[in-house]
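In: Pasted the sequence and its predicted model underneath.
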Protein chains: 4
Amino acid sequence: MKVAFTSDNIAGASDAVFHAMMEAAQGDAMPYGHDEGTEQVTHMLSELFECDLAVFLVSTGTAANVLSISALTPPWGSVLCHSESHLLNDESTAPEFYAGGARFVGVRGADAKIDPVQLKKVINQKVGDVHSCQASAVSVSQVTEVGSVYSLPELRAITDVAKAAGLPVHMDGARFTNALVALDCSPAEMTWKAGVDVVSFGATKNGVMAAEAIVVFKHSLESKGIDSERVVQELGFRRKRGGHLHSKMRLLSAQMVAYLTDDLWLNNANHANTMMSMLQDGLKDIPDVMIDTPAQANMLFCRMPLAMIDFLQKEGFGFYTGRWEEGVIRLVTSFRTPKEGVDAFINATRRFSAISD
Amino acid sequence: MKVAFTSDNIAGASDAVFHAMMEAAQGDAMPYGHDEGTEQVTHMLSELFECDLAVFLVSTGTAANVLSISALTPPWGSVLCHSESHLLNDESTAPEFYAGGARFVGVRGADAKIDPVQLKKVINQKVGDVHSCQASAVSVSQVTEVGSVYSLPELRAITDVAKAAGLPVHMDGARFTNALVALDCSPAEMTWKAGVDVVSFGATKNGVMAAEAIVVFKHSLESKGIDSERVVQELGFRRKRGGHLHSKMRLLSAQMVAYLTDDLWLNNANHANTMMSMLQDGLKDIPDVMIDTPAQANMLFCRMPLAMIDFLQKEGFGFYTGRWEEGVIRLVTSFRTPKEGVDAFINATRRFSAISD
Amino acid sequence: MKVAFTSDNIAGASDAVFHAMMEAAQGDAMPYGHDEGTEQVTHMLSELFECDLAVFLVSTGTAANVLSISALTPPWGSVLCHSESHLLNDESTAPEFYAGGARFVGVRGADAKIDPVQLKKVINQKVGDVHSCQASAVSVSQVTEVGSVYSLPELRAITDVAKAAGLPVHMDGARFTNALVALDCSPAEMTWKAGVDVVSFGATKNGVMAAEAIVVFKHSLESKGIDSERVVQELGFRRKRGGHLHSKMRLLSAQMVAYLTDDLWLNNANHANTMMSMLQDGLKDIPDVMIDTPAQANMLFCRMPLAMIDFLQKEGFGFYTGRWEEGVIRLVTSFRTPKEGVDAFINATRRFSAISD
Amino acid sequence: MKVAFTSDNIAGASDAVFHAMMEAAQGDAMPYGHDEGTEQVTHMLSELFECDLAVFLVSTGTAANVLSISALTPPWGSVLCHSESHLLNDESTAPEFYAGGARFVGVRGADAKIDPVQLKKVINQKVGDVHSCQASAVSVSQVTEVGSVYSLPELRAITDVAKAAGLPVHMDGARFTNALVALDCSPAEMTWKAGVDVVSFGATKNGVMAAEAIVVFKHSLESKGIDSERVVQELGFRRKRGGHLHSKMRLLSAQMVAYLTDDLWLNNANHANTMMSMLQDGLKDIPDVMIDTPAQANMLFCRMPLAMIDFLQKEGFGFYTGRWEEGVIRLVTSFRTPKEGVDAFINATRRFSAISD
């Protein structure tokens, strides 16, 4: 059996999500979020995150990220994120566009995690100098772009640096649930309790059609002296002027409700992570295969001989390669990745390795 | 029976659309539009419009409009649209945002249709003067914001003025099919054959979940000396940086395919228009009710005494009022408006009129 | 003798200004405004305006206007100014550019003065509605674009409307001193005492080389609940990112100091206004010449037969025509307009009128 | 005798410049560059650069840089410059602002010169991928931010990489003449003959009040398939909408004419470079003083013990320190730096070194 590990966005969406949309589509409902389903989403996320929050639904992860950040930085600010972050590498210049021409500055650190020492150094540069862009916000990716997951202490180390400088912290949670499952902690623990103020709570990669929630933790912002009401109000206007306010909002809301119902979100992420765990376990002992960053969630970067890559592609397996250093491939599992596919990939790799030795 | 004429965006979406999405969601597909369904949409629209074209799917009408225009104007240009257009009244400052701070200038004209004489006057102002914004594009709304429909000669009168000045013409077709059905012409006749270069081909208001197609008529642009390849290439980059490139694009495409299959689009619009026609016929002879602009598609503005408005609202009918001059109400029918609801509204109005005389 | 009434920007600059610059240029001084001369400008303007204020020097009037406003409006706001204002007609799309894509909305009113009733109407539209741009600031031109001058009560009528809505008021004072002399009031009376919060205090048109001061009245902003410290801080960053922070700031400051010393500013404006007064007096009784708006400062719009216009141009007089309705000409006097030139123009006009009758 | 080596912008301006302005200010002249002096500047620069070119005068170096680049990149492009360039470190987010939110990407290389190998690598990343910003222009600084000067072959190595990819090359020539004198070549050789398409030809740091010329080499752009007419036309509009079009343009032009007359520009730069050469010669053999990058023009970075820095500051010498690594100081000479000041600095340094050993 053949399978694709190309990305978690190649999988479709859970049937439950479409059923929920179809049901929500019956009858009339007020547009632009003035419907009951949208209210319900806020309610569900408040319970989930155990706090008072504001929610803005949008249909792409890029929109969630750049809208979030646009409300946290002035145009002369610099937003600090990892050099390998999605923001800096995969969203064109959407960040600059939405942030009115603010600068996005890459900070280094192992395993695509921001190094708090480097972060502090950058933050303290030329504060107040009109000639220099002013550190204005920090954005972390959880899961990171290489598949690692910040531990809670690692998150805290970064958010402490930000807090000392009064800077808001955004989390790109395109794979939020995969990280959550990996850490086995609560959503509150991985966000506002760890110093995160705004999160892009992603659902699209984990089984819905197209729905992401910008979640604003009001008290968290206030604790830094940031006016949370301004942020919330801005996001309302910014979402509209970005063209991201859906008229039939209830159909985004329905996706999110379905996602959070009956543990669909957790089950989907659990499956993806489990499949990756099996995949990694199977690959790590195969000669010629070298794990780059140990996968903690559902993404793995590893290296293998070019001949092995060719072989696997010819066998019909899907994955990205050729985008990084020679011999690097990326494997991503999803809520739908079949166990048989994982086994097949491991077996094929092992087989080629045995032959070529 | 009670019914809402609030807007065509309060209706949900046709079941066929959800079924098509659910089916498309099975199995894997490459993301970001590199899937077969998206290719099929381009093919279907090419046949529909009888020409070579490029298609960019997005999920909101505002996105379709402002992205389209952003590729047609420089930041020092002025985009000419009707003073009552959606662009100038209902999209926040999305137009300026996407067009890099270009200006959107309202041109007047009866029934929310641009007056070609006024248009010409504005276009010819201070050409080449760096102190003045330079007329750079024209945008027409078909159906207009007051429910009127440009006839083909009316369209041509405007596009001729634009063409004489070398300006591209965009059509906001949020209610494209409602206009098409009203004019009983072909899509080609209502667009490029009438001098329109780019259209926001709306589907959301007419029965899909959230899908709009930016359609670029390449030859039409070229005939004005505008490099269509540049426009098409720009739109690819602009859609991404606007955060409007869906990863699971096939689920937008599936909506559009379903919409264009088995005449769903035409049937939906036909129903909405027919309901409006009945509604208007019923209302026009009622004393105290004054039709503002005769409805040609599925939207009607009329005036009635405040007491009548109160009565109808208390009876449970939904519609917008209080946004325009006193006594003005807006009625919109949709693909799902029940005939019984139309009758009920007419009867209630007539009843109140009879009593109050 | 022949003379040009084309604009007050065709005159050079007072010799005193160059002498002051040359003197200031001797020796070293810290750049970017950290010099004594710049401090002195703030001190002089504080005394002049009789209040605590912040000053930002720039070298063009457009920069002064658009920077001022950019600190007063969010990108989804609408800035209300007269339809015939310089902002809307002569600064390309600089307003939108600096204001991050906010909208500039023209309000009508006689003599290029905003009608407070119209203003109120526009301000109260769709407040809080994310689909509509939100009235965010008001800008008045003093002198207006047609040469009229707001009386203090007229100013107050507008600023009262703004204050009731909590909106900041900017004054485009490109011809500030000409208006001041016309009203014979104090700078404080014409600005913050009349409800103006930020003024573009122009000097270039009145005898300096290139220097304009953005003056922020802190208490005035605070009285509206606007954080003046934020505005002042923003202007520092915004001036730099606009490329308008001069390294050799002392040479802008020296111009402003010279301008405000020994009544140069008042004398220059007095001369220009007096010349205009004589010009108007001479023209108003000539048959065939019709005054459009009575000149109160140094600018006059009038109408005359095309043959008369031709004659005057052939005689060597300079002025703009052909930009407005047929037969309209604009006459502007400056700090250097010679009395003989005014007489010559009147005589030539009278002569032609006599002949052609 | 004490002297400041803080920057070349702390010196005033040559008297000849003020005399020229004062003379130009007599009489009337058409505004906004429609005067003879401005025409003369274009003529003089054409002769100087030995080619057909377009000139846009502005009053700050930041404006010259960011306007130049804004006409060379789309908003989704990335402009490649050195990590230590002025663009990325000293112009706030003016680059992003003017370039509509394009990204400015730092490329590394020794002595603040772009490494052509690194440049090529960055240029070839993800070409055509809508998710990634697209390399769109290259900007080099001549003199660099650390005082080094690209040799002609070094320039060519970079521009060859750019040309192979069809990318335009901009030169930040804030210290153009200092570099020219250092290389002892012609202006043409250091620009278009070396593959540079647009240059910010700086004069302010070298003895004028505030004047910089954006110089566009039309044939150079055309040779890369870039429409030079579009670039030139855009710059006209962009300068105005940036608020950088001076009404009394003749007073910028007069500065530039004076600068280019009687070798003032060359003499000023020669003096500054000679003073630096003497300063460097004096310092290089002093124990405890370490030259960072050998100065080729008028700027030197060196390291010394903190006690020595303290001593020199207490002695009254001016220079920047504390902005870079500990112990690093920056010394800049200008057209006015006195030889006695250079000697005094060397002697004080030597004296302290002798004592402290």
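Out: Received, thanks. Just so it is clear, the structure is predicted and the values come from calculations on it, not from any experiment.

In: Report the helix or strand with the lowest average pLDDT across chain A.
Out: When each helix and strand of chain A is scored by mean pLDDT, DSSP states H and E, strand A:290-293 comes last, with a mean of 92.

In: helices or strands up against that one?
Out: Applying 3 or more CB pairs under 8 Å, 6 or more residues apart in numbering or on different chains; DSSP states H and E, one finds that strand A:290-293 contacts helix A:264-284, strand A:299-303. C-betas here are computed from N, CA, C, even on glycine.

In: got a markdown table for the ones you listed, with mean neighbour count, distance to D:Ala16 and mean pLDDT too?
Out: Putting these into a markdown table (neighbours: other CB atoms under 10 Å in any protein chain shown; distance: least, CB to CB, whole Å; pLDDT from 0 to 100) gives the following:
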| stretch | mean neighbour count | distance to D:Ala16 | mean pLDDT |
| --- | --- | --- | --- |
| helix A:264-284 | 21 | 73 | 97 |
| strand A:299-303 | 23 | 64 | 96 |
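
In: per-residue confidence at A:Asp357?
Out: pLDDT recorded at A:Asp357 is 66.

In: and what of A:Glu145?
Out: As predicted, A:Glu145 sits at a pLDDT of 96.

In: before we move on, what about the one 4 residues further on?
Out: Predicted confidence (pLDDT) for A:Val149: 98.

In: how about the residue lying closest to it once chain neighbours are set aside, phi and psi?
Out: Among residues not flanking A:Val149 along the chain, A:Gln296 sits closest, at 4.1 Å (CB to CB, 6 or more residues apart in numbering or on different chains). Main-chain dihedrals, A:Gln296, degrees, to the nearest 10: phi -110, psi -20.

In: Output the set of residues of the stretch 151-300 of chain A in proximity to chain B.
Out: Within the stretch 151-300 of chain A, the positions near chain B by CB under 8 Å from any CB of the partner chain are A:204-205, A:209-210, A:237, A:240-248, A:250-252.

In: With distance to D:Glu84 as added columns, please give the helices and strands packed on strand A:290-293 in CSV.
Out: Below are the helices and strands packed on strand A:290-293 laid out as CSV (distance: least, CB to CB, whole Å):
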stretch, distance to D:Glu84
helix A:264-284, 41
strand A:299-303, 31
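
In: Quick one, which of those gets closest to chain D.
Out: strand A:299-303 (16.7 Å; CB to the nearest CB).

In: do the next helix or strand after the closest one and chain B meet?
Out: Next helix or strand after strand A:299-303 toward the C-terminus (DSSP states H and E): helix A:306-314. No: under the criterion of CB under 8 Å from any CB, helix A:306-314 makes no contact with chain B; the nearest approach is 14.5 Å.

In: Report the buried residues of the least confident helix or strand of chain A.
Out: If you call a residue buried by 16 or more other CB atoms under 10 Å in any protein chain shown, then strand A:290-293 has these buried ones: A:Asp292, A:Thr293.

In: hmm, who's touching it?
Out: With contacts defined as CB atoms under 8 Å, 6 or more residues apart in numbering or on different chains, strand A:290-293 is touched by A:111-112, A:146-148, A:280, A:283-284, A:300-304, A:328.

In: And stretch A:119-136, by the same measure?
Out: A:72-74, A:76-80, A:102-103, A:105, A:107, A:138, A:158, A:161-162, A:165, A:167, C:32, C:236-237, C:239-240, C:245, D:89-93, D:323.

In: mind listing which of the residues you listed are in helices?
Out: Residues of those located in helices (DSSP state H): A:Ile158, A:Val161, A:Ala162, C:Gly236, C:Phe237, C:Arg239, C:Lys240, D:Asn89.

In: need those residues in TSV with pLDDT and distance to B:Glu23, can you?
Out: Shown next, in TSV, are those (pLDDT from 0 to 100; distance: CB to CB, whole Å):
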residue	pLDDT	distance to B:Glu23
A:Ile158	98	44
A:Val161	98	49
A:Ala162	98	46
C:Gly236	98	58
C:Phe237	98	53
C:Arg239	98	57
C:Lys240	98	56
D:Asn89	96	54
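
In: Narrow the contacts of stretch A:119-136 to those in strands?
Out: Judged by DSSP state E, the contacts of stretch A:119-136 include A:Gly77, A:Ser78, A:Val79, A:Leu80, A:Arg103, A:Val105, A:Val107, A:Val138 as members of strands.

In: Tell me, how many residues neighbour the fifth one?
Out: The criterion is other CB atoms under 10 Å in any protein chain shown. On that basis, A:Arg103 has 26 neighbouring residues.

In: Now do the same contact list for A:His86.
Out: A:Gly61, A:Asn65, A:Ser141, A:Glu145, A:Asp172, A:Ala174.

In: Most neighbours of all these, which one?
Out: Within those, neighbour counts (other CB under 10 Å) peak at A:Asn65, which reaches 32 neighbours.

In: Right, I'll leave it there.
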